[in-house]
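[1] this one's structure only:
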């Protein structure tokens, strides 16, 4: 009986653990320096929680910004809850880690993209490796919600061999 190591899912688990650790630190200590996050998530994920009017406006995905104003950041094993300001209306959200499509910190040009691909034209989705994204935002904004146009058009970063840096 042969089996394969599922590197794609293992990498996704590791990247989601990284996001969790970053958010735990922010919950405990606040955002350091100019760090801020653009997080795009699947609003139709069964465990995602958001106001009906937000779901109606963003039925497939939504990008939120954690920067100048946020409250009640609570991080657990499966996701995070946060209150963000949408046009002077604070709204609570819960985002499961497996609903996250992209996580970007433009202050240090770091980003992750979680991708899926259809198999055999059916509804099953297979995870493919996360990709590190280049900087996707040149202007700093305090809005809690952004469109995903910039993030969708980003090309994945080139992979560089570490051998080229060895002496």
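    Perfect, I can see it now. Remember, predicted model here, so these are calculated numbers, not experimental data.

[2] quick one: least confident helix or strand in this protein?
    Using mean pLDDT, DSSP states H and E, strand 145-146 stands out as the lowest-scoring helix or strand of the chain, at a mean of 40.

[3] Next up, the contacts around the closest residue to residue 55 other than its chain neighbours.
    Once flanking residues are discounted, residue 55 sits nearest to residue 43: 5.5 Å by Cβ to Cβ, 6 or more residues apart in numbering. Just so you know, the C-beta spots here come from the backbone N, C-alpha and C atoms, and that holds for glycine as well. When contacts are counted by Cβ atoms under 8 Å, 6 or more residues apart in numbering, residue 43 touches 50, 54-55, 58-62, 99.

[4] Apply 7 Å and report the result again.
    Contact partners of residue 43, counting by Cβ atoms under 7 Å, 6 or more residues apart in numbering, are 50, 55, 58-62.

[5] Helices of this protein, start to end?
    With DSSP state H as the criterion, the chain has helices at 7-29, 52-57, 149-152.

[6] any idea which of those scores lowest on pLDDT?
    For those, mean pLDDT drops lowest on helix 149-152, to a mean of 42.

[7] returning to what we had before: got JSON lines for the helices of the chain, with mean neighbour count too?
    Output for the helices of the chain, formatted as JSON lines (neighbours: other Cβ atoms under 10 Å):
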{"stretch": "helix 7-29", "mean neighbour count": "15"}
{"stretch": "helix 52-57", "mean neighbour count": "12"}
{"stretch": "helix 149-152", "mean neighbour count": "15"}
